[in-house]
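J.: need a 3D model of the following:
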Amino acid sequence: MSPKSKEKETMDNLLKRIREEIIPKFEEAVSNSGAVFKNPHIVKCWETLECKSTDCTLYGDESKAVRCWQVTGTYCGGEPQGNFIQKCGKCSNCKVFKQSCPTVVEEIGEHLNNMLFLLNRQGQTMQEDNQRIEHLDRELVTALEQLDFKNREIQKIMISDKLTGLFNRHYLTTVLEDEIARCHRYGHPLAVMMIDIDKFKSFNDNYGYTAGDKMLSYIGGLIRENIRKFDRAFRYGGEEFLVVLPETDLTLAYIVAERIRKGLESKAFVVSKKGSGGEKTAFRTLSIGIAATYPYKTSNISIEDLISQADLALSQAKSKGGNICNRYE
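T.: Residues are numbered from 1 along each chain as shown. Purely as a prediction, here's the structure:
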């Protein structure tokens with residue numbers, strides 16, 4: 001056989017191998033990220049280069065088909081190398097790579113492997129980045145939810161009276177402005193109750209401020225139990241309370257007021273008189289003044305007028321001896 005015939009046979013054999021071993025890998029890589037050209041000629045870098053760098057991750061590795069050019073941090077010339085992208089150019093000219101690619105088929109196959117390896121790493125990096133982004137998103141959402149919860153807690157503290165659990169007086173103007181505006185817009189009734197504890201000062205003087213605080217706390221709970229969710233109750237002053245009742249006329253407000261009044265009237269407080277040390281039961285009562293917007297020709301009433309009317313009704317209740325609910329009419 002002539003040299004030209006041998007060369008043609010070799011070329012035909014290489015083309016046959018490329019068609020059988022390389023081209024199918026391109027098609028396989030489309031649907032399988034794990035596609036790889038199998039190269040039985042991969043050599044061990046540490047043996048080929050007679051490497052003495054025992055710190056290298058591949059030193060002494062007896063595994064088959066370890067492509068050192070794809071491994072990050074391998075030693076070459078006694079120095080640690082970078083990742084695949086950083087050292088790819090050097091490695092393709094390395095003795096190890098060339099001995100692992102005795103023919104052009106292996107060389108093409110290994111360059112294909114390098115391309116697939118890089119694409120897979122980029123895909124993994126993108127997936128890891130997406131996972132980190134999703135994790136950060138979840139952390140951000142959680143942090144925002146916690147911040148919102150804390151903000152609501154702070155807002156609640158700012159508008160609440162700690163002792164009674166009711167709203168404080170600072171929040172009253174905001175609520176009344178909204179309710180008066182709604183009342184004017186839709187022509188619906190709005191009632192206000194002004195509540196005062198009868199002879200509360202003497203109770204404090206006789207039994208102490210701790211006993212007085214317990215009574216205030218009890219009344220706060222009593223009011224909350226007897227109003228609806230959309231009603232608003234406030235600690236208006238030391239022993240004064242104010243309740244805003246939307247969608248409520250004077251008659252219905254009177255019924256609610258009576259329930260609250262009777263709730264305290266029947267309540268016995270266990271107290272100790274100052275200096276005596278012995279326990280006894282003590283009672284107190286409530287006086288309640290009630291005012292409402294509609295239908296008592298006050299549909300255009302202002303906040304100040306409504307509170308003044310409830311306060312006047314309360315004063316009249318007090319002047320009658322207390323322990324009564326009095327309507328402004």
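J.: correct me if wrong: Asn114 contacts Lys87.
T.: No - Asn114 is beyond contact range of Lys87, at 11.3 Å (criterion: Cβ atoms under 8 Å). All C-beta atoms are positioned from the backbone trio N, CA, C, and that covers glycine.
J.: so where's this structure uncertain?
T.: Scanning the chain for pLDDT under 70 picks out 1-9, 33, 62, 64-65, 77-78, 82, 84-86, 275, 277, 294-300.
J.: what segments of it are strands?
T.: Secondary structure of the chain (DSSP state E): strands at 75-76, 79-80, 190-197, 232-235, 240-246, 269-272, 279-282, 286-292, 325-327.
J.: which one of these lies nearest to Lys25?
T.: Minimum separation from Lys25 across those (Cβ to Cβ) falls at strand 75-76, 27.8 Å.
J.: check the offset of the closest one from the chain's centre.
T.: Centroid separation for strand 75-76 versus its chain: 49 Å, with Cα atoms, centre = their mean, to the nearest Å.
J.: list the neighbouring strands of that strand plus their orientation.
T.: strand 79-80 (antiparallel) (DSSP bridges).
J.: please report phi then psi for the residue nearest to Gln99 when sequence neighbours are not counted.
T.: Distances taken as Cβ to Cβ, 6 or more residues apart in numbering place Val43 nearest to Gln99, at 5.0 Å, with adjacent residues excluded. Phi and psi for Val43, reported as degrees, to the nearest 10, are phi -100, psi 160.
J.: and for Val43, the neighbour number?
T.: Other residues within reach of Val43, judged by other Cβ atoms under 10 Å, total 17.
J.: do Lys90 as well
T.: For Lys90, the count of nearby residues is 14 (other Cβ under 10 Å).
J.: all helices for the stretch 51-200 of the chain, in order.
T.: 84-91, 95-100, 104-159, 169-186, 200-207 (DSSP state H, counting those that start in this stretch).
J.: just put the ones you listed in a markdown table and tack on distance to Pro24.
T.: Listed next are the helices of the stretch 51-200 of the chain as a markdown table, based on distance: least, Cβ to Cβ, whole Å:
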| stretch | distance to Pro24 |
| --- | --- |
| helix 84-91 | 24 |
| helix 95-100 | 21 |
| helix 104-159 | 11 |
| helix 169-186 | 75 |
| helix 200-207 | 95 |
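J.: which stretch among these approaches Ala291 most closely?
T.: helix 169-186 (12.0 Å).
J.: output the contacting helices and strands for the closest one.
T.: When contacts are defined as 3 or more Cβ pairs under 8 Å, 6 or more residues apart in numbering; DSSP states H and E, helix 169-186 packs onto helix 104-159, strand 190-197, strand 232-235, strand 240-246, helix 303-319.
J.: winner for burial among the ones you listed?
T.: Comparing the helices and strands packed on helix 169-186 by mean neighbour count (mean count of other Cβ atoms under 10 Å), strand 190-197 comes out on top with a mean of 26.
J.: direction included, what does that strand pair up with?
T.: By DSSP bridges, strand 190-197 pairs with strand 240-246 (antiparallel), strand 286-292 (antiparallel).
J.: got those as TSV, with distance to Asp196 columns?
T.: Shown next, in TSV, are the strands paired with strand 190-197 (distance: least, Cβ to Cβ, whole Å):
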stretch	distance to Asp196
strand 240-246	5
strand 286-292	5
